[in-house]
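Trainee: what's the 3D shape of this:
(one chain, ligands or ions: 2)
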Amino acid sequence: MAPVNLSGRSFLTLLDFTPEEILFLIDSSARFKALKRARTPHRWLEGLDVALVFEKTSTRTRSSFEVAAADLGMGSTTLDPGSSQMGAKESVEDTARVLGRIFDGICYRGFAQATVEKMAEVSGVPVWNALTDDFHPTQMIADFLTVREAFGRLQGLKLVFMGDARNNVANSLMVASAKLGLDYVACGPAALAPAAGLVKTCRAIASETGSSIELTEDVAAATREADVIYTDIWLSMGEPAELWGERIRLLEPYRVTSEVMGNASADAIFLHCLPSFHDRETKVGEEIYERFGLTEMEVADEVFRGPRSRVFDEAENRMHSIKAVMYETLR
Ligand code: CP
Ligand code: NVA
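Mentor: Ligands and ions are numbered 1, 2, ... in the order given. The predicted structure follows:
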């Protein structure tokens, strides 16, 4: 098999990548993690510059791109909503063409997947999807690195997503699981099931990698013998706050509780892309408490803080994996 070479490629969805290419990025992330831990300098892209366009808010992803760019010796310029002409006075296409003349790569977080695809088509430089309404591919490299750190392997593990199984993170987990040979279970209400077309695509991929894709509303059956239990917030960025009541009604039965974790395999881990509503220590969490009386939403506080939770390893791995994605596509 030819060695993997991702130089010049954009990173928009894992559907565009082979299992070997995804594993290559996970391996590269592990190498960068070891270098960072050893404080070994790796300014291997000195002189390059990247644009970081964030049309939605971010803590982990933005920090990861900025720190990773600095560690690689690159300059980075972050453009927030309101701080650029994009959208209001200048089209996505014109913006991408301009940024492609100034920068060596572009990170984009926003709404439609079509926007990031357009940027990749016209900018002439690698474009990295930092989250759209449909997918969150950089999150996956970190997540599966975290899973591999916990179990030493990926193939054959059972990963269960609990909750809003048609959101960007769940879609990406389904694609990544199919590609990497994990059995994936989307456990949530039928009203929030992933799109039939994407399920069909993932089932076709899973049949080649020897894994499976299952959709169910049955929490006990879904979580039995699970190796990884994953959840995400019940209302994603860009969705109207008026939906909170309906989402809570639909998704409360799918909260990850100690009972759910107890039903999983003895060494199961808990993952969450974060941010998470597991207590009342946020503005939104407090509003939800006042309106609906809930002290926690998608995950019980004791699970989030408990011994099976790997959420902060996962968050750290965002930086190492984003560094790998930038390095391997820009080298
Ligand atoms: N998980 C994640 O993408 O976090 P941020 O929204 O903080 O970037
Ligand atoms: N589904 C969440 C993920 C945040 C990282 C959102 O889109 O808001």
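
Trainee: from now on I want contacts and neighbour counts done on CA atoms only, so please keep to that.
Mentor: OK.

Trainee: for Arg310, give me its contacts.
Mentor: Residues in contact with Arg310, defined by CA atoms under 8 Å, 6 or more residues apart in numbering, are Thr146, Ile269, Phe270, Leu271.

Trainee: ugh, wrong one, I meant Ala190
Mentor: Contacts of Ala190 (CA under 8 Å, 6+ apart): Thr216, Glu217.

Trainee: and it, how far from Thr216?
Mentor: 8 Å (CA to CA, to the nearest Å).

Trainee: for Leu182, same thing?
Mentor: 17 Å.

Trainee: between these two, which has more neighbouring residues?
Mentor: A count of neighbours by other CA atoms under 10 Å puts Leu182 above the other of Leu182 and Thr216, at 26 against 15.

Trainee: thought Val160 was touching that one, still the case?
Mentor: No. Contact criterion CA atoms under 8 Å: Leu182 and Val160 do not qualify, at 10.0 Å.

Trainee: quick one, helices of this protein?
Mentor: Taking DSSP state H, the helices of the chain run over residues 19-37, 60-71, 92-102, 113-123, 137-151, 168-180, 196-209, 219-223, 244-251, 258-263, 283-292, 301-304, 311-330.

Trainee: so can I have CSV of those helices showing distance to ligand 1, mean pLDDT and mean neighbour count?
Mentor: Converted to CSV, the helices of the chain look like this (distance: least, CA to the nearest ligand atom, whole Å; pLDDT from 0 to 100; neighbours: other CA atoms under 10 Å):
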stretch, distance to ligand 1, mean pLDDT, mean neighbour count
helix 19-37, 17, 98, 18
helix 60-71, 4, 98, 20
helix 92-102, 22, 97, 17
helix 113-123, 15, 98, 19
helix 137-151, 6, 99, 22
helix 168-180, 9, 98, 26
helix 196-209, 21, 98, 16
helix 219-223, 23, 98, 19
helix 244-251, 19, 98, 14
helix 258-263, 22, 97, 16
helix 283-292, 15, 95, 14
helix 301-304, 15, 98, 19
helix 311-330, 7, 98, 23
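
Trainee: can you name the residue of the stretch 1-150 of the chain nearest ligand 2?
Mentor: In the stretch 1-150 of the chain, the residue found nearest to ligand 2 is Asp133; the distance is 6.4 Å by CA to the nearest ligand atom.

Trainee: and that residue, how many neighbours does it have?
Mentor: 19.

Trainee: residues contacting it?
Mentor: Gly110, Phe111, Ala112, Gln113, Asn167, Asn168, Gly238.

Trainee: in strands, which of these fall?
Mentor: Among the contacts of Asp133, DSSP state E puts none in strands.

Trainee: which among the residues you listed end up buried?
Mentor: Gly110, Phe111, Gln113, Asn167, Asn168 (16 or more other CA atoms under 10 Å).
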